[in-house]
Structure formats: C-alpha cells, structure tokens
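A.B. asks: A structural model of the following input is requested.
(one chain, ligands or ions: 1)
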Amino acid sequence: MTLLTILTLPDKRLKTIAKPVTVFDQKLQEFANNMLDTMYEAPGIGLAATQVDKHIQLVVIDISEEKNQPLCLVNPKIIQKEGVQIHEEGCLSVPGIYAKVKRASTIEVKYFNEKGEKKKMQADELLAVCIQHEIDHLNGVVFLDHLSPLKRKMAIKKLEKEAEISD
Ligand code: NI
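C.D. replies: Below is the predicted model of the structure:
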C-alpha cells in the first residue's frame, strides 16, 4: 500500500489546472490504486489527483458505507446538469472546515475508467456533490471558492488558527 501526501490550503499547487490523461497503462492503474488507498486511509469519500500534486484529470470516489464501491473517473466531463441542492461539504485539503455549497442536484458525466474504457453515468444526491467537488479540484477550484467573500474569509481565518494550534 502506498500512501500519497495530500496538499492542504494555502498551498498554491492546489490551483493548478490538470491535464487530460492520454496514456492508459499499468502506471496509471497503480496511481489510481494509490489514490484509493490514500483516500480510504485519510479517510475521505473523494480525492482528486491535484490534491496529491499530480496534475492529471483523474479522481477517485467511494461514497459507500462499506467502502467497497470504488470509482475512478479519468478525464471526466459533466455533460448535463439539472436542479439545485445544498450540501455541507468538507475537503481533505481544507481540514476541519465545513460549509454549505450549492451544486446541481442531478448530473450526467462521461469519463474513462482507469483502464481506458469509455463510460457514462447519471448521479444525484451525495454522489453528484462529490463528482462536482472533485472535478472542481482538477480546475484548481476548492469548495471555499463557492462561498461568499465574507464566509470564505471566516473559513480561512479558522483554518489559519487551527494551523497555529497544531504547530
Ligand atoms: Ni476536496
């Protein structure tokens, strides 16, 4: 098992725009497995490659309680969005901070799996939130960026305070 290091705010590398994956080889599958190990160990329900300082369009997700339904989305693209839902989100790169974020309630996403097979799926509720949150990471966006300037400021202050305490 290989655990990868997760970047946390205010690390500027989290703002990097990820590049599409063009080669689906053994190395990519190993990386996807390491991403899953890292996510489960954290523990979290989603992780984007950006968060481990690898700037390719790959995210892993598992929202199941038993942690036995891993999903790997490579080059994901949301092709349809519908409705609105508000969900309290957190992020492994923003430890200790939770905030309500407005997202589409139902989405349709096309992607490749880690083996390079073309896939398409519909998602709603938590899975839809998670996919939108992780795709944001690939575009250098963290969930705090969706908050009002005042709420974002308060969240960042809290983050800094907690970093001081743990120093
Ligand atoms: Ni996140």
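A.B. asks: which stretches of the protein form helices?
C.D. replies: Listed in chain order, the helices of the chain (DSSP state H) span residues 26-41, 125-138, 149-166.
A.B. asks: By mean pLDDT, show me the worst of those helices.
C.D. replies: Ranked by mean pLDDT, those end with helix 149-166 in last place, scoring a mean of 87.
A.B. asks: which regions of the protein sit below the pLDDT cut-off?
C.D. replies: Counting by pLDDT under 70, the low-confidence segments of the chain come to 167.
A.B. asks: For the residue nearest the centre of it, give its distance to residue 115.
C.D. replies: Among the residues of the chain, the one closest to the centroid is residue 134, at 2.7 Å (C-alpha atoms, centre = their mean). Residue 134 sits 19 Å away from residue 115, going by C-beta to C-beta, to the nearest Å. Every residue, glycine included, has its C-beta placed from N, CA and C.
A.B. asks: what's the answer for residue 15, then?
C.D. replies: As defined by C-beta to C-beta, residue 15 lies at a distance of 30 Å from residue 115.
A.B. asks: What are the boundaries of the strands in the protein?
C.D. replies: Along the chain, the stretches classed as strands by DSSP state E are 46-48, 58-61, 71-82, 85-89, 99-103, 106-112, 118-124.
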